[in-house]
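> missing the sequence, but the structure's below:
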């Protein structure tokens, strides 16, 4: 009778194991398998979209290159036409930059060489640019201080000669 109880216990354990396997693991496995199939389908769809986008990208690149080639050819024609016409350069009436304290004839020439001809241009110039012009000119111009030049030039550009004179009276060779 002991062996019968043992056999019934093994049989009941085996049935419980089958039930657990079916209810939890096999259903879960089927669900995971279904999700994997969905992900594979999504991946395939995305790969197809990627291929379409790459083809569209290639077409756009080719159209861009064609447009650039056409623009270049038109640009060459325009440049040739402009060269033949020789358009006059816009005239700028230079101001006497030597009216700014700290600027003498040589520094005025350096500023002209850098493209600064008027009080307005000097007023709009960055101090770093002015310092670089002086540095590039060599050690001879090392002592010049352009920090007040834009302020002075702004007054001169506006025609405020009294304000310029008052500012220059407070400066020593262009320095505060």
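The structure has been received and is ready for your questions. Only a predicted model underlies this, so the values are computations on that prediction, with no experimental measurement involved. Residues are numbered from 1 along each chain as shown.
> Helix or strand next in line after the lowest-mean-pLDDT helix or strand in the chain, which one?
Every helix and strand in the chain was compared by mean pLDDT, DSSP states H and E; the lowest is helix 27-85, with a mean of 78. Per DSSP states H and E, helix 27-85 leads on to helix 105-113 as the next helix or strand towards the C-terminus.
> my guess is residue 133 meets residue 110, correct?
Yes - using CB atoms under 8 Å, residue 133 is in contact with residue 110, at 5.5 Å. For the C-beta atoms, the positions are set from N, CA and C on the backbone; glycine is no exception.
> Outline the domain layout of this protein.
According to automatic domain parsing, the chain comprises the domains 1-87, 97-169.
> Now those domains in JSON lines, please, with extra columns for mean neighbour count.
Listed next are those as JSON lines, based on neighbours: other CB atoms under 10 Å:
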{"stretch": "domain 1-87", "mean neighbour count": "10"}
{"stretch": "domain 97-169", "mean neighbour count": "16"}
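> Average pLDDT for stretch 130-145, rounded please.
For stretch 130-145, the mean per-residue pLDDT is 89.
> and the end-to-end length of that stretch?
9 Å (CA to CA, to the nearest Å).
> gap between that stretch and the chain center?
Centroid separation between stretch 130-145 and its chain, computed with CA atoms, centre = their mean, to the nearest Å, is 31 Å.
> if I pick the residue nearest to residue 130 when sequence neighbours are not counted, what's in contact with it?
Closest residue to residue 130 apart from its sequence neighbours, by CB to CB, 6 or more residues apart in numbering: residue 146 at 3.7 Å. Residues near residue 146 by CB atoms under 8 Å, 6 or more residues apart in numbering: 102, 127, 130, 131, 134, 174.
> One more: residue 120?
Contacts here follow CB under 8 Å, 6+ apart; on that basis residue 120 touches 153, 157.
> Shouldn't it be within a helix?
Yes - under DSSP: H, G, I helix; E, B strand; the rest coil, residue 120 falls within a helix.
> any idea how far residue 50 is from residue 41?
15 Å (CB to CB, to the nearest Å).
> An error on my part: the question was meant for residue 37.
Applying CB to CB to residue 37 and residue 50 gives a distance of 20 Å.
> Then residue 127?
The gap separating residue 127 from residue 50 is 52 Å, by CB to CB.
> What of residue 114?
Distance, residue 114 to residue 50, by CB to CB: 52 Å.
> before we move on, what about residue 69?
29 Å.
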